[in-house]
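Novice: just need the structure, nothing else, for what follows:
(3 chains, ligands or ions: 3)
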Amino acid sequence: MSLALTLRINGQARVVELDDLRTTLLDLLREGLGLTGAKKGCDRGQCGACTVLVDGRRINACLALAASLDGAEITTIEGLAHGERLHPVQAAFLAHDGLQCGFCTPGQIMSAVGLIAEGHGGDDPERIR
Amino acid sequence: MKPFDYVRPRDLAEALALGSEPGTAYLAGGTNLLDLMKIGVARPDRIVDIGRLPGLAGLDWREDGGVRIGALVKNADLAYDARFQRTFPSVAEALLSGASAQLRNAATVGGNLLQRPRCPYFQDLASACNRRAPESGCDALGGETRRHAVLGWSEACIAVNPSDFCVPMAALDAVVEVQGPGGAREIALEDLHRLPGQTPERETALEPSELIVAVRLPGQAAAVARHSRYLKVRERTSYAFAVVSAAAGLELGDGAIRSARLALGGVAAKPWRAREAEAVLAGGEPSEARFADAARAALAEARPSGENAYKIELARRLIVRVLQQALAGAPETLPALPGSPLAPAFGNRHAA
Amino acid sequence: MPLDAAAPRAPYVHHGSNAGQPLTRRDGELKVTGRATYAADHRPEGLLYAVIAASRIARGRVTSLDVAAAKAHPGVVEVLTPANRPPLGRDPDQKSGPFGFRIEVLQDDTVRYAGQPIALVVATSLEAATEGAALLDPQYEALPPRTTLESGKRFPAPAVGVSGQARTEHGDVEAGLAAAAQVVRTEVETPAQYHNAMEPHAIVAQWDGDRLTLDMPNQAIVMSRAGYAAYFGIAPENVLIRSPFLGGGFGSKAILNGPQVLAILAARMLNRPVKLALTRAQMFGPVGHRGRTWQRLHLGLDGEGRLTALRHHAISATSSFDTFLEPAANASLHVYRSPAISAETEGVRLDTGTPSPMRAPGEAPGSAALEIAMDAAADAVGMDPLEFRLLNYAETEPGSGRPFSSKALRECYAEGAKLFGWAARPLRPRQMRDAAGLRVGWGMGTALFPCPHFAAEARATLRADGTALVETAGADMGQGAWTALAQIAAEALGLDPAQVEFRSGDSSLPDAGIAGGSGHAASAGLALHNAGQDAIARLAEIAMRDPRSPLFGADNIGVVARAGRLHRRDDETRSESYADILARAGQAAVVGAGRMQRDEEAVKERAMYSHGAVFAEVKVDPDLGQVRCTRLVGAFAAGRIVNPRLVRSQ
Ligand SMILES: Cc1cc2nc3c(=O)[nH]c(=O)nc-3n(C[C@H](O)[C@H](O)[C@H](O)COP(=O)(O)OP(=O)(O)OC[C@H]3O[C@@H](n4cnc5c(N)ncnc54)[C@H](O)[C@@H]3O)c2cc1C
Ligand code: SF4
Ligand code: FES
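Specialist: Ligands and ions are numbered 1, 2, ... in the order given. Below is the predicted model of the structure:
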């Protein structure tokens, strides 16, 4: 069974032929579309390395069935910067050295962008955590 | 993961028709179902994606001050709804104490109610588990049992229900609206999950193809709003399931407790409504001693199912604490560390 | 170019100021945009996906695997089991040096621990390979696993850690304890810890004839080629390892493991590239861990609270089939002054995977136990924990009596205590509560870590345009090697770091040794520094020989390399740019080589450690047992700080 999905990925409309319905959004992005910025740290919703925005909100791409996302608007780390200009959250991670090995950094940045977009930001570090 | 067919029904009727085929699983947010499919615990032949069924994703406020919550409302949307937060702060706090922001954005109300146990033997295909494979035995017995039940368990299964959301909902007399091929019916949330008895594989009162369409909080439940709390003891301050949790609501008047509501999480296969404790509290003056009596009453029937006797004492102490906090009153805004007993000590600096 | 080629040595001084700058990470932009490529991000043409089937029992035998069911699953290409696994060039049960562990690569049907690979399924998609592995439905003949101290077999330790001594005694500990006014006994158990870097082990293996390319996270990029080569009967030079980014390592990614070998084998069998990424659950088994320890300490104290003897005994757990013993007891040998100190380790065999070096092997669990024992002793003599440690301060290395190359632990104590406000700590425990009624506890401990130097090589090329290329096969797993090493090289080259291109993370580059033991910056850094100096010396040689150069004849006076120019040391107005020197000489580049070799004499004479002091505050809800660490202050004497921004974010 295969399925044609219409997705908007990083602002671009794409029709994706899904030939295995078991494919998660994360595996579709990474293995199917070559968008490898989102990482697989656990594949069980436990680590957040796979965080992307779906319709403007952050979710774990590893626990989303790609088939269920027809018509969705997806933003990954690759779609955050405007050309050469980094998204302010990306720039802030860089300036404050908010990364080390960098593996889950895309997930952290997408989560921070989602946090702000969802209106739960603010200046209370406890609350942001 | 086993290959499956995938169908997205247009409406409820179609969903119910599709759902009556054996081997079908309903997919809502998928954060529990997909997880279990990955580890082979769930192996459906067909997935019926109810995620976009019309009419199930809204809040409907009732004249009596109660609310009807559509089954597809996201955990995050419910928890952050301003009116809901004000009216049912302990429910909002319970939701925010669970999982992560990413998961709460995907998880639905219906899926949360029906999430499966976190018993590690249930999740390990090499272990015997009556719940996963009826009459195969229970390897949890005599195994790693620190997180298992102390109330309502049987030799057939000692798992606990992992949901935070269910706990205050049970305390507040929530009602589950169900649709099945045979029509609509209602189930008290308290009766949605079954105690294991000899048939732990029958986890809920739902028939296989029945769908939860909504869950209702009655107007009376709002009476305790100002004095309701949810507390959750866990092994990390965030992003961990409850070891033991408790939801309490007090209706106060003339210096006395008019009525009380108390439910426990993490102690049984269902959210555990502590009616004996409520009886101890009702009509009396709030005091440390009465709270302790209530705590004793709530756990009177408790017995360890393994190396978890500690949970009984922990639950008693947590009840005293949650009652103290309920008495003090729900905070104006939800604490920065939702559900944490440590919350009063940390970060409450600004509004949500 | 041979690295040892005798380079002309022009005396020069440098006034570099690159090292010490808080530059942002060179790889930072790649990392914040998702463009940094980790092993599992590779998708070569024709890629196949491999998935490990792992044992769910801890001891026994696999009696059946439903290979037919797995093979029948659409997309499954091959199933590797002990029945059809092709031969390997090396016996996986043969030990091969201190880092060469026995591995499980389907040599037979025995199960030695939970999580052991029992089959490998290869398919055209990850989904198919995963389901294929599930369909194998292994049946077992299980034996009772031995996983507790009591059930495991004890044995005298031949060695601990990577060829460390299992028994050391300085002075007479028995006598010291007998003479003590009191002896404080402490027992500490530490659990197994798994490296579990955020990036699970992953490998993409591709064969081209008998040449093998591996995209994998690797902490010892050049060195580890030999291990893979041996398993496949090829020369180490035929193995190319690419490891530009590692999603954390903690020691686990320095050591060859069974799943990697199986993936490479499958790629050769099927003559297609194969990707294998372990699941998070599979990280608990075949890829090493820190073994459990049971430690007992005896601290003998005189009437004033001075140590008369310190005995540290540890039982360290290893697997049933190989030996790596956490050198926990040895952590007590170098910290506090005591006339007599002994450290002794015994082994115990458990049905687990074999432990391996993990982030501060020995120091981590050993110093935890020692510091707990020191607190117990301070309490026993009624002293403040910090005061007690100062009383037992080691001015020279305990045991050997060697002077320290540097030791600023006293300053660390003072600085940390001041920042933390330690002076306000009440002497007896359980005295403090906060406004919310939580109990407040303050504690502190000493940190100590050796300063290892490993062999490393590097190359620096000054290019015609005045910029430089520096190369070494270093590994950046988040510590900031790309940045710090480039800064060190830039300093030696008298260039701005922006003018220095840094290539790393590839086994075709000069060997940077192993990124482990907190020795990478010192090792690869010195190699780079020497390479840079060598390049400058060669450039200076060209200039000083050239009558048209303002530096002509500067020989004994020397030159200074700064901002892309060489200056005469006695007259800095006489200078010339690198580019001009090369242009006139008609040379496209000048290449310098450098290596780091430990100065064994210096090591014999001096004890080298970095030191630190850590102060912590925790709050405890005593009724509910909830604990939160609310403050942590660390003061470290960690040597020269190459990049303060990177150090701070540690
Ligand atoms: C890492 C992690 C941490 C978590 N931590 C917590 C925690 O701390 N506290 C907590 O409470 N929860 C926690 N959860 C669980 C989480 O709350 C649930 O996974 C989520 O609520 C399930 O909702 P869903 O919509 O994704 O359900 P799904 O996965 O879609 O469905 C779950 C089950 O319910 C059935 N179902 C769903 N909707 C309906 C319906 N309307 N009618 C009939 N059947 C239906 C499905 O068939 C399935 O069997 C955690 C989950 C993860 C992965
Ligand atoms: S406790 Fe219940 S869920 Fe856990 S193994 Fe036993 S039967 Fe299964
Ligand atoms: S990969 Fe860990 S949450 Fe998705």
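Novice: I'd say residue A:100 and residue C:481 touch.
Specialist: No: the criterion here is Cβ atoms under 8 Å, and residue A:100 misses it with residue C:481 at 11.0 Å. All C-beta spots, glycine's among them, are computed from the backbone N, C-alpha and C.
Novice: can you list the domain ranges for chain C.
Specialist: C:28-36+C:457-597, C:153-194+C:289-400, C:402-453+C:599-650 (automatic domain parsing).
Novice: could you point out which of the ones you listed sits nearest ligand 1?
Specialist: domain C:402-453+C:599-650 (15.6 Å; Cβ to the nearest ligand atom).
Novice: the residue of chain B found nearest ligand 3 and residue A:60, how far apart?
Specialist: For chain B and ligand 3, the shortest gap (Cβ to the nearest ligand atom) falls at residue B:102, measuring 7.1 Å. Computed as Cβ to Cβ, to the nearest Å, the residue B:102 to residue A:60 distance reads 5 Å.
Novice: ok, now residue C:135?
Specialist: Residue C:135 is 27 Å from residue A:60, by Cβ to Cβ.
Novice: cool, residue A:38 as well?
Specialist: 10 Å.
Novice: can you list residues touching both of residue B:102 and residue A:60?
Specialist: Contact criterion Cβ atoms under 8 Å, 6 or more residues apart in numbering or on different chains; residues shared by residue B:102 and residue A:60: A:45, A:48, A:51.
Novice: which of these fall in strands?
Specialist: residue A:51 (DSSP state E).
Novice: among the domains of chain C, which is nearest chain A?
Specialist: Judged by Cβ to the nearest Cβ, the one of the domains of chain C that comes nearest to chain A is domain C:28-36+C:457-597, at 2.2 Å.
Novice: endpoints of that closest one, how far apart?
Specialist: 31 Å (Cα to Cα, to the nearest Å).
Novice: that one vs chain A: in contact?
Specialist: Yes: counting by Cβ under 8 Å from any Cβ of the partner chain, contacts between domain C:28-36+C:457-597 and chain A involve C:28-36, C:476-480.
Novice: show me how far that domain is from its chain's centre.
Specialist: 26 Å (Cα atoms, centre = their mean, to the nearest Å).
Novice: so which residues on the stretch 401-550 of chain C come close to chain B?
Specialist: Residues of the stretch 401-550 of chain C lying near chain B (Cβ under 8 Å from any Cβ): C:434-436, C:438.
Novice: name the nearest of these relative to ligand 3.
Specialist: Nearest to ligand 3 among these: residue C:438, at 32.0 Å, using Cβ to the nearest ligand atom.
Novice: what number of residues lie near that closest one?
Specialist: 23 (other Cβ atoms under 10 Å in any protein chain shown).
Novice: quick check: it touching residue B:342?
Specialist: Yes: with contacts counted by Cβ under 8 Å, residue C:438 reaches residue B:342, the gap being 7.2 Å.
Novice: give me the nearest residue to residue B:189, chain neighbours excluded.
Specialist: Of all residues not flanking residue B:189 in the chain, residue B:174 sits nearest, at 4.0 Å (Cβ to Cβ, 6 or more residues apart in numbering or on different chains).
Novice: which residue is nearest the centroid of chain A?
Specialist: Central residue of chain A (Cα atoms, centre = their mean): residue A:52, 1.7 Å from the mean position.
Novice: check contacts around it.
Specialist: For residue A:52, the contacting residues are A:25, A:29, A:38, A:58-59, A:61, A:74-77, A:110, by Cβ under 8 Å, 6+ apart.
Novice: need these in a markdown table with distance to residue C:469, pLDDT and neighbour count, can you?
Specialist: Below are these laid out as a markdown table (distance: Cβ to Cβ, whole Å; pLDDT from 0 to 100; neighbours: other Cβ atoms under 10 Å in any protein chain shown):
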| residue | distance to residue C:469 | pLDDT | neighbour count |
| --- | --- | --- | --- |
| A:25 | 41 | 98 | 27 |
| A:29 | 35 | 98 | 23 |
| A:38 | 33 | 98 | 25 |
| A:58 | 40 | 98 | 28 |
| A:59 | 43 | 98 | 31 |
| A:61 | 38 | 98 | 32 |
| A:74 | 39 | 98 | 26 |
| A:75 | 37 | 98 | 22 |
| A:76 | 33 | 98 | 24 |
| A:77 | 29 | 98 | 29 |
| A:110 | 35 | 98 | 29 |
